[in-house]
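Peer 1: need the 3D shape of this:
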Amino acid sequence: MIQGLFLDYVGNDGCRGRLVCEIAQSCWGPHRPLLSTSHAVNDVNPLLDNRMLHFMSVVELSYEEHPREFHAAHILHKPFLREIKGLGCDLILVAKGFRISTNACDPYVLVFGRKYQDVDKAVQLVKEKI
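Peer 2: The predicted structure follows:
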C-alpha cells in the first residue's frame with residue numbers, strides 16, 4: 001500500500017526500481033531472503049511492464065565528484081550482458097541519457113532474476129566491472 005503511494009508520487013521516473021528495492025529491504029518478510037549477499041528482494045519489477053515477480057538488487061554506480069560524472073556505459077557491452085544472462089539474470093542501467101532515465105536519485109544498476117542466488121552472483125560481477 002505505502003509502496004503504491006510512493007510509486008504514484010514519483011511517476012514514471014527511473015527511481016522506481018531503487019524505491020521498490022529500498023522499501024522492500026527496510027522490512028523483514030518472505031520477500032527478503034536472509035542468505036542473500038546482495039540484499040535481493042522479491043517483488044514486481046516496476047521498470048518492466050510484465051508485472052512478474054523477480055529477485056532484484058541495486059548496485060550503486062561509481063562517479064567522480066567534480067564534475068559529478070557517472071561511469072557506466074561499459075556495463076552495457078554485449079559480452080558482459082551475455083555473462084549476466086548466462087547467470088539467469090538481466091540488468092537495467094538507470095541514469096540520465098540512458099533508456100530509463102532518472103531525475104530523482106543517483107544513477108544505479110538494477111539487477112534482477114528468478115533466483116536470489118543468481119542475482120547475488122550477477123551483482124558481484126557488476127561490482128567487479130564498475
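
Peer 1: so how many other residues sit close to Pro79?
Peer 2: By other CB atoms under 10 Å, the residues close to Pro79 number 6. From N, CA and C alone the C-beta is placed, and that goes for glycine too.

Peer 1: from Lys129, how far off is it?
Peer 2: 11 Å (CB to CB, to the nearest Å).

Peer 1: how about Ser57?
Peer 2: Applying CB to CB to Ser57 and Lys129 gives a distance of 15 Å.

Peer 1: what do you get for Pro46?
Peer 2: In terms of CB to CB, Pro46 sits 24 Å off from Lys129.

Peer 1: neighbour-wise, which of the two wins?
Peer 2: Using other CB under 10 Å, the more surrounded residue of Pro46 and Lys129 is Pro46, with 21 against 15.

Peer 1: let me know the helix or strand that that one is in.
Peer 2: Here Pro46, judged by DSSP states H and E, is contained in no helix and no strand.

Peer 1: number of residues surrounding the closest residue to it other than its chain neighbours?
Peer 2: Spatial nearest neighbour of Pro46, excluding adjacent residues (CB to CB, 6 or more residues apart in numbering): Arg16 at 4.0 Å. Number of residues near Arg16 (other CB under 10 Å) recorded here: 22.

Peer 1: quick check: Arg16 vs Asn45, distance?
Peer 2: Taken as CB to CB, the span from Arg16 to Asn45 is 9 Å.

Peer 1: and if you look at Ser36?
Peer 2: Taking CB to CB, one finds Ser36 at 16 Å from Asn45.

Peer 1: mind checking the SS state of the most centrally placed residue in the chain?
Peer 2: Per CA atoms, centre = their mean, the C-alpha nearest to the average position across the chain is that of Leu110, at 1.5 Å. Reduced to three states with DSSP: H, G, I helix; E, B strand; the rest coil, the structure at Leu110 is strand.

Peer 1: for it, list each beta-bridge partner.
Peer 2: On the basis of DSSP bridges, Leu110 is bridged to Val58, Ile92.
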